[in-house]
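Trainee: I would like the atomic coordinates for the input below:
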Amino acid sequence: MKFSICSFCKHFVTRLFYHTSFALFSFLIFSCNSVEIGPKASFDKTLYDFGNVKADEEVSVIFKVTNVGDKPLHIKKIKSNCGCTVPKPFQGQLEPNQSHEILVDIDPYTLGAFNSSLIVIFDDKNKIPPKTLRITGVFDYLSLLE
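Mentor: Here you go, the predicted model:
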């Protein structure tokens with residue numbers, strides 16, 4: 001006895017296979033494009049070296065932070081490790097693709113070389129680790145004798 005499939009059944013199974021394959025492929029393509037990454041901080045620099053600076057010169061630097069994620073980024077606090085590095089206070093939220101400039105003034109009361117750090121602290125909800133920004137340079141006190 002020979003087994004045969006009727007043409008209707010063959011057509012039905014073939015169409016079912018193609019439609020299921022198309023639906024699965026479409027689901028995979030669209031689900032890959034909608035992956036959420038949450039908030040993500042990107043800095044234009046994490047180290048700034050002033051080099052030699054005259055001792056009586058006031059200097060400052062700007063660090064730019066951008067939220068490159070797809071959810072709001074909450075900055076809880078910006079703190080310094082010493083009194084010579086004074087960041088402009090900021091506490092707030094950056095929407096996706098929004099940037100903020102962190103202005104930092106350096107007070108030249110230290111003698112010679114300095115190596116200061118800022119720590120940018122984000123909210124605890126998204127578990128983003130703190131980011132350390134470094135500032136280095138040398139205050140040249142011999143320039144006062146000129």
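
Trainee: If the residue sitting nearest the centre point of the chain is in a bridge, with which residues?
Mentor: What sits nearest the mean C-alpha location of the chain, by CA atoms, centre = their mean, is Ala41, with 1.6 Å. Bridge pairing for Ala41 (DSSP bridges) gives the partners Asn67.

Trainee: residues contacting it?
Mentor: Counting by CB atoms under 8 Å, 6 or more residues apart in numbering, Ala41 touches Val65, Thr66, Asn67, Val68, Leu73, Val120, Phe122, Ile128, Lys131. All C-beta spots, glycine's among them, are computed from the backbone N, C-alpha and C.

Trainee: Can you tell me the element Lys76 falls in?
Mentor: Assigned by DSSP states H and E, Lys76 belongs to strand 73-80.

Trainee: Please identify which pair of the contacts of Ala41 lies farthest apart.
Mentor: Largest separation among the contacts of Ala41 by CB to CB: Val68 and Val120, giving 14.7 Å.

Trainee: what about the two, which has more around it?
Mentor: Val120 (22 against 15; other CB atoms under 10 Å).

Trainee: Would you double-check that that one falls in a helix?
Mentor: No: the assignment for Val120, made by DSSP: H, G, I helix; E, B strand; the rest coil, is strand rather than a helix.

Trainee: what is it paired to in the beta sheet?
Mentor: Here Val120 sits in beta bridges with Ile78, Lys131, going by DSSP bridges.
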